[in-house]
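> Here you go, sequence then predicted model.
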Amino acid sequence: GDSVTQMEGPVTLSEEAFLTINCTYTATGYPSLFWYVQYPGEGLQLLLKATKADDKGSNKGFEATYRKETTSFHLEKGSVQVSDSAVYFCALSKGTSYDKVIFGPGTSLSVIP
Amino acid sequence: EAGVAQSPRYKIIEKRQSVAFWCNPISGHATLYWYQQILGQGPKLLIQFQNNGVVDDSQLPKDRFSAERLKGVDSTLKIQPAKLEDSAVYLCASTINQVTQELFFGEGSRLTVL
C-alpha cells in the first residue's frame, strides 16, 4: 500500500545551520505531497505542498521539490532558527475527496542557540 | 475564522472504561477525519467522513471504537472498552478543498489508559 518514510530523528542543529529532512514515498498514481509541522503544544499545520512532479513548495524559508524519478520530497531550509524547533511530518494524498492523507512517522528538530 | 475544536484536551481512564471525544470542524468543511497519534509515531487515520457518511473506516478497530457525525457537522469518537494500547492523542481534522487535501487539525485529545 501507499506509505511515507522519513529520516529518523531527533535532529539537533545550531542556529543558522542548513537543514535537510529526507522523505521518500511509495504510491501508485500521482499523489500530492505535503509537509506538516507540529510546534510544541499545538496541532499539526500545513507547512508546504506540491501537487505534481517538479513542483517546488515553499513557505517560511522552507522548500521541498517533488521528485517523481526518486519518489522524494526532501525538506530544506538554508538557515534554521530556534523557533523552527518542532516535529515535521511528510505526507501524501491521491488528491481526491475519498483518498486519505497518509503521514510519515515524523522527524523531531531541535535548534539550539 | 474559528479553527477545529476538540474536547476534552486530556483524559485519564482505567482500562475497560469508556471514553468519548468530541470534534467541531471548521464551518463549511464537508470532510472530517479522526486520526490516532501514538507517541513517537505519525498520525494514523481511523475514520473519514464526507458530510455525515463514512468514506473510510478500514483501520478503525470496530470491536471497541465507534464514531458518528450526525447532521454532517460535529463528530464524536467513542472507545469502549479501552485498552492500554489506546493511550494516544486523538486528532480531528477537516478540509474544504477536496483537490489539494489541505487538512486543518485541532489541538488533539490526549488519552491515558491506566
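Alright, I've got the coordinates. None of the values given here were measured: they were computed from a predicted structure.
> Could you pull up the residues touching residue B:6?
B:21, B:22, B:23, B:24, B:90, B:91, B:92, B:106, B:107, B:108, B:109 (CB atoms under 8 Å, 6 or more residues apart in numbering or on different chains). From N, CA and C alone the C-beta is placed, and that goes for glycine too.
> isn't the last one right up against residue B:5?
No - contact status for residue B:109 versus residue B:5: not in contact, 10.9 Å apart, counting by CB atoms under 8 Å.
> These two: who's more crowded?
residue B:109 (22 against 14; other CB atoms under 10 Å in any protein chain shown).
> For residue B:73, give its distance to residue A:39.
Using CB to CB, to the nearest Å, residue B:73 is found at 28 Å from residue A:39.
> of these two, who's got more company?
Neighbours of residue B:73 and residue A:39, each counted by other CB under 10 Å, are more numerous for residue B:73; the result is 16 against 13.
> Now do the helix-or-strand element of chain A with minimal mean pLDDT: which elements does it pack against?
Sorted by mean pLDDT, DSSP states H and E, the helices and strands of chain A end with strand A:102-103, the least confident at a mean of 92. Strand A:102-103 is packed against strand A:3-6, strand A:86-93, with contacts defined by 3 or more CB pairs under 8 Å, 6 or more residues apart in numbering or on different chains; DSSP states H and E.
> Which of these has the highest mean neighbour count?
Each of those was scored by mean neighbour count; the highest is strand A:86-93, a mean of 24, by mean count of other CB atoms under 10 Å in any protein chain shown.
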